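Enquirer: Provide a 3D model corresponding to the input given below.
(chains A, B, C and D)
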Amino acid sequence: MSLWLLAWQRFLRDRVGIASAIVVVVFIAIAAASAAGWVARDWGKEVGVSYAPPRFVKPNPAEQKAGLAGPSDVSRNDYGIRDPLAPELAEIRAGLAGASPTEKRATSLAFGADKWGRDVLQKAVKGTETSLVVGLASAALAAFLGTLFGAFAGYRGGWVDDFFNWLYSVFTAIPYLLLVLAIAAVLGQKGVSTVILILGLTGWTGIFRLVRAEYLKHKVREYVLAADSIGASDARRMFAHILPNVSHVVLVQLSLHVVLFIKSEVILSFLGFGVGIDTVSWGSMLAEAPSELILGMWWQITAATIAMALAVTAFSLFTDSVRDALDPRLE
Amino acid sequence: MMVSIRELRVGFGPVEAVKGVTFDIPEHATVALVGESGSGKSVSALSIMRLLPPNARAGGRVLYRGMDLLTASKKQMRNLRGSEISMVFQEPMSSLNPVFSVGFQVAEALREHRGLARRAARERTLELLQEVGLADPAAKLGRYPFQLSGGEQQRAMIAMAIACEPQLLIADEPTSALDVTVQKQILELLAELKRRRRMSMLFITHDLSLAGSIADEVVVMRAGEIREQGSAKQVFAAPRDDYTRMLLDLRPRLDRPRRPRKRRDDEILLEARGLRKRFDGVEAVKGASFRVLKGKTLGLVGESGSGKTTLGLLVARLHEASGGELRLQGEDAFRVPRLAFKRRLQVVFQNPYASLNPRFSIGQTLTEPMRIHGLGGGEAERRGLAIELLAKVGLTADALFKYPHEFSGGQRQRIAIARALTLRPDLLVCDEAVSALDVSIQAQLLNLLQDLQDEYAMSYLFISHDLAVVKYMADEVMVMKDGEIVEMAGADEIYAEPKHPYTRALLASIPR
Amino acid sequence: MRALGLLLALAISGAQAADPAKILRVTFQAAETGFDPAKVSDYYSGTVIEAIFDPLLTYDYLARPATLVPNTAVALPRITDGGRTYTLQVRRGIYFAEDAAFKGARRELTALDYAYSLRRFLDPKNRSPYAFLFEGIAGIETPDRQTIVIRLKRTDFNFAHVLAFPLAGAVAREAIEHYGDESAAHPVGSGPFRLKRYVRSSKIVLEANPGFREVTREGERLPKIGGVEVSIMEETQSRWLAFQRGESDMEYQLSEVASAFITEDGKLRPEFAARGIQLDRSVDPEIIYLYFNMQDKTVGGLAKEKIALRRAIAMSYSVDDQIRIIRKGQAVRAQYPIPPGVAGHDPDYRSAIPHDPRAANALLDRFGYRRGADGFRRMPGGEPLVIRYSSMPTERDRQFDELMKRALDSIGVRLEIHKDRFPELLKLENQCRLMVKHSAWIADYPDGDNFMQLLYGPNSGQSNNACYKSAEYDKRYERSRLLPQGPARDRLYHEMARLMETDTVWLLTDSRYRNVLLQPRVQGFHKHPVMHQEWLYIDLELPR
Amino acid sequence: MSYLVRRLWQFVPTLAGVILLVFFLFNWVGGDPAYMLAGKIASPEAIENIRRQIGVDQPYWVQLWIFVKQVATADFGASWSTNERVSQIFATRLGPSLTVLIPLLLASTLLSLAVAMLVAYYRGSLTDRAAMIGCTVGQSISILVYILVFQYVLGYQLAWFPVQGWGSTLGENLTRYAVLPIVVGVVVSLAPDIRLYRTFFLDEIGQDYVRTARAKGLGEGRVLWLHVLRNAAIPVATNVLIQLPGLLAGAFLIERFFSIPGIGREVILAVERSDFPVIKAVTVYVAIATMVMNLTADLLYRALDPRVQLK
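Expert: Below is the predicted model of the structure:
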């Protein structure tokens, strides 16, 4: 019965851990469903009037006149300038005699609409998918880089260690904000993948420092000397022997960084480097908040904050429980 | 009667650490509480001081001059601790606050209980440090714990404990973390202090012979119960309980005859000339020359810091030698390709809890070397070889699917040995291979090693700080001090007439 | 000492001068860059410069459309030899504000100062962003200390407006040389206010210039207020909450929040009117338009199918939604390239491009823009059709991105959003390397020419960001430059506007309302279409 | 002392790295401000003239060499957009930034220390669990939401503090303008600090010397507030020092919403205007400050913990 199994049993005894794990699984399920298109597929469709309030708040009917305006009045006087498309347009206009159909829009929705009339609830669900994907992917990238660099720096020592420490000190010396802005500007604006790259490329430093310390500690442990004595190569010792024994540190850091990057994505969106307009994330919803809150349209910011708070809290508590389960020393 | 403990029971969650213990500590007497790790001896001591961790449940009564300490108020206990009952712990280094000076920590007890002013407390502390035998106490006063040696730190701890003239001193394995020579001095100090200050003492140890040499009465504990109690003479002369008897005769006494050696041929397996190793400026091994004979055991004795482990690792090429020559059956050992060298020389490490990779199953640990060196056809065959080896070291086949944390220290060391045997090495370097185990287990493993040596005609380089164990195992013995081999001779000769003064001091410090 | 005596006399003379207790508090949405007229380009710095320096001419406070009146000049300029020479006289008895640069002496304002000030724009060392306004000057002479004669390279009947431009205010050579690089932080002018305290991009405090000449309006000496305190606040929420808490006296940068204090039909909401808050509502002299880069290989060119593509995109874009949702009703649809309040504007003109997605789809089908397998249309030749729309990474631009996406989705055209920061976009725009982008132009001076030059061929790479080179248009523009304001010029402008629409170079979208909220104590405020601020004319009613 | 010299020598490669990274990133991305500075209508000659004046037209390595010299002389010339000397910008912005940051760091550290100690002492109890979950929830809400809500409620509705603005005197700032931003800052940084300091305390409470102190008969208060706190203070102090430089630029959101003319706000302004000299200067100054702070933290660590010798 391996250490992982042992940890799993300890985890099962932790009520808070279980509860948070369930919430995390629910969020991941929502994200998967949204990715597969089963839910919030048409979050982008405009179903309500602009800023339609939530149903449980009395909608002010007079406010919004629904429906798209028909073709506006067009001037006939052409001041002597001939329009090359005049014949084709005349023909088309004749063909389309009927008035354009006006869509019917709801004046209030389950949890209200944003300025374009899109359902805030659906946006929150789709936002869950984007934010979790950004959080998980960038945390994975940062963890990969941090672990790789940390392993080589900690295990190899010598100039390798010096090089990575130099890289670490340079990356941590530059204010995080400037670093993110610069890389964001370099990578340009290509949506979710750029955001993941930005966060991943700047977020590895924390994990690097911890993994390097773990490798320094484990490198001199007897089981590694024993591995050397039976002829295991450096690479095997580094990744087959030591890595599993520091993996609990990496795992905990990974989930810590998921939370960190979900929150960073909000700041990135506020600065304009968030996800593209073809998708929505909690960050893009919160970025619209300042201009809406003043007008008294509180539902979008509330929806995004609650969704994010729930997910992030669950994830953080889950991380704590995992850490306690994997690292009993702290009992 | 100073302290009488009636039906003391202590539990942590489901586990019952102490299951109804009853014994007394008479005035001005020294009672030794003896038992192996996990016997509940430390927990009993801590419950007298009521220093058990928050999740502990204590039952029964602990009477100190009529007052039940288990039900006394926090304030009463606070006044009692340090002034009437005080305690000395096993790890002096971690028991002193690293960021405060020794003087401050000793004076603190005085100022807390006796309300001495700063100047008076300082004077009294100087006298105490003098009394516990600390050289140049005025200088030591301002020093921090890490600036003192292990022995000095323990002396400071003792000074702190006796500062307020306690009636009862509890010493929880005060010497086991110290070197043998220093152990002797601390024991003499404790005995002297008890006599001069007319204190009672509760001495907790796992070493029965140590208990014998210091205690008036002995209480033997095992798994939370008292197996035997009585005066020291009576317990040593006619032990009633068979567990006590087993503990007594297991002690590898110096005069125990060694098992007859099967083979006599003195072919040389490994020869070292002028081996040297320097770690950033410090000369750890200064030119060691010795020979290991085929099928024979070369013992290497030395205290911690003598460089014996480094020498062992040098021989196994786990450390790069800074100089000197090593010949393996005539070939230059440093030239032999790495994998080939590894097949002929293996190492067994000291700490069973650290030398096995906790994340590998025993099956993986044993088959890995075979896979690396290409032994055995497929996985199944390698698994078969592994089961054979497990049997050799006295473990059943189902161990393959278990993980290190599911085994006791002794069993883990057996697995480590099995792993070393997978490559049928010519030489096995045993670095303190049994020192971390309980005395009862040590004996079994030493016998196992000797059986394996006879069966596989392997040579051993047996490294240990425990002279008795080395004498039991080795044909020839080397004594090392500060990186140099000070003496080398046959096992019996070296014990009969040790030439080097250091060897003599080592021999003298083993309790008879 | 003589100077001081005169000064005191003026202060206590009968007409009641600026009351120091009356401090007007205003906010800027973006930080200023400095107060040296020749080195500044942003609107907010211009606002402060207008209060400190004196141009030769200025505008009447209430006349609409804006009409020029003499300021430090004795009278309006004498325009001779066909609009190429301008002659003006500077009034006597106008002095610069006291400053260390004059070493205690009282410095009178003369024509030489104006010559020096205007020449500074032409000096490349100053790299002045507004050099283009003055590059029409061939030479400046000052026959005597009061007279200044300006000779132009080409006929230009609008040059008088340039002389009324805030940046054309007179600076003193001694002050510029005395402060050198720091001239931006030490403005010395003869205008109604002077700089009292200055914390860069945070706080600008102006006080009434004691040595200011006597300027009266309806018998009252101007300026009435004793000083102006400007604080820089980027975030709308901060400005809006500050105004409601009475921490600022007037606020006009609240377009995002307009619907919180203005009803759908442009009235002040009752709860604010009840508190005596005043609303001054006018349309800014600006046009906002979506332009197509006429030299771009996808959307550029005058071939029929290219015009059809541009026309379809223009017809798919809903200007009504832009006004209703993004501007929250606080803008007016722009029909004509020249906005209201600017000479040459025609209120009856109607754009020839309607919002009609169904017709746009039919037009694209008609010209061979077939829909591919993925539902998006392809070029007539079969290659992929991608419209690349450029904008800045701000929350506001994100809303325009969304509107653009809705438009193109409705006609099945694939959209790619190109994000970059303002300086980068400006550079690409001037090199005609963008495809489709929103742009805006606010009047430098209230004359139609300032807008019609935006489509003039030779200006491409500078202000003609659509890089539109049409012989028909350029021919009419050059003729219009030679005509003063009047019906003949207007007829040309109509034809040019129609040309722009038939070639579908732009889609004119809107001009924004300027809603100025004022605390009850602010008196006599009327937003001027061209002047940046009205501090000279405002009065504050202090509580008794 | 030799340790100090050696550590100072280590600044050089790091600073070189920072200069290279900043130069590479911002030059490649910094773009060309000439067009912006040239105004609405600019002829190609005007743009060329500007490029020459601000030195953007020279080859890269020349510009790099100029940058290195600027770092050496700590004179980064003038800002491209406001012509204000960069050193002066930094000096005027540092005051407001520190006026908010120092009280913020002090308040949040002291507060979280007290709570962390309490929670660590009652480890496993209900209060411990509740506090931890409370912190987690607090931490899960974005700083943006805190700022908006606090400004709206405390600043506007309850009007306890001015909504924004910055006074001229330190006294006025501390009492009126800086209070709300500090409150928001403390609320945001409280949760992570409590969790961190709780682990520091837990590590120390488990040590043997605590048991010895109790065996000496010392009261629980003295054991905690003297022995444990003295040991836990070491990581806490170094943690606070290391946070400060990061906050200099990091507090830009608070500075922006409360209109505080600090470093963070200036950085955002500079990036939006591609004002390269200001970006270079702020990055280099903050990088140096970070390195100095790290060194101070190490020295403090050695001063507080005798076990660690100056290697």
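Enquirer: now the stretch 1-150 of chain B against chain C: closest residue?
Expert: Nearest to chain C, among the residues of the stretch 1-150 of chain B, is B:Val99, at 45.5 Å (CB to the nearest CB). Any C-beta I mention is one placed from the backbone N, CA and C, and that applies to glycine too.
Enquirer: which residues touch that residue?
Expert: Residues near B:Val99 by CB atoms under 8 Å, 6 or more residues apart in numbering or on different chains: B:Tyr144, D:Arg230, D:Asn231, D:Ile234, D:Leu304, D:Asp305, D:Pro306, D:Arg307.
Enquirer: am I right that it sits in a strand?
Expert: No. Counting by DSSP: H, G, I helix; E, B strand; the rest coil, B:Val99 is not found in a strand; it is coil.
Enquirer: need the contacts of B:Val99 in JSON lines with neighbour count and secondary structure, can you?
Expert: Converted to JSON lines, the contacts of B:Val99 look like this (neighbours: other CB atoms under 10 Å in any protein chain shown; DSSP: H, G, I helix; E, B strand; the rest coil):
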{"residue": "B:Tyr144", "neighbour count": "18", "secondary structure": "coil"}
{"residue": "D:Arg230", "neighbour count": "16", "secondary structure": "helix"}
{"residue": "D:Asn231", "neighbour count": "23", "secondary structure": "helix"}
{"residue": "D:Ile234", "neighbour count": "20", "secondary structure": "helix"}
{"residue": "D:Leu304", "neighbour count": "17", "secondary structure": "helix"}
{"residue": "D:Asp305", "neighbour count": "19", "secondary structure": "coil"}
{"residue": "D:Pro306", "neighbour count": "16", "secondary structure": "coil"}
{"residue": "D:Arg307", "neighbour count": "12", "secondary structure": "coil"}
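Enquirer: quick one: pLDDT of the residue of the stretch 1-150 of chain B closest to chain C?
Expert: Note for B:Val99: predicted pLDDT of 85.
Enquirer: repeat that for the one 3 residues further on.
Expert: Turning to B:Val102, the model gives it a pLDDT of 89.
Enquirer: in chain D, which helix has the most residues?
Expert: helix D:86-121 (DSSP state H).
Enquirer: ok, then the element right after it?
Expert: Of the helices and strands lying after helix D:86-121 in sequence (DSSP states H and E), the nearest is helix D:126-140.
Enquirer: what about that next one, near chain A?
Expert: Yes. Counting by CB under 8 Å from any CB of the partner chain, chain A has neighbours in helix D:126-140: D:Arg129, D:Met132, D:Ile133, D:Thr136, D:Val137, D:Gln139, D:Ser140.
Enquirer: give me the buried subset of the residues you listed.
Expert: The neighbour-count test (16 or more other CB atoms under 10 Å in any protein chain shown) applied to the residues of helix D:126-140 next to chain A identifies D:Met132, D:Ile133, D:Thr136, D:Val137, D:Gln139, D:Ser140 as buried.
Enquirer: list phi and psi for the residue in chain C positioned nearest to chain A.
Expert: Nearest to chain A in chain C, going by CB to the nearest CB, is C:Pro393, at a distance of 2.9 Å. Main-chain torsions, C:Pro393, degrees, to the nearest 10: phi -80, psi 50.
Enquirer: over to the nearest residue to it once chain neighbours are set aside: give its phi and psi.
Expert: Nearest residue to C:Pro393 in three dimensions, chain neighbours excluded: A:Gly272, at 2.9 Å (CB to CB, 6 or more residues apart in numbering or on different chains). Backbone torsions for A:Gly272, taken as degrees, to the nearest 10, come to phi 100, psi 0.
Enquirer: circling back: surely the residue of chain C closest to chain A touches A:Phe270?
Expert: No. Contact criterion CB atoms under 8 Å: C:Pro393 and A:Phe270 do not qualify, at 10.5 Å.
Enquirer: how far is stretch C:69-78 from where the chain is centred?
Expert: When C-alpha coordinates are averaged (CA atoms, centre = their mean, to the nearest Å), stretch C:69-78 and its chain have centres 23 Å apart.
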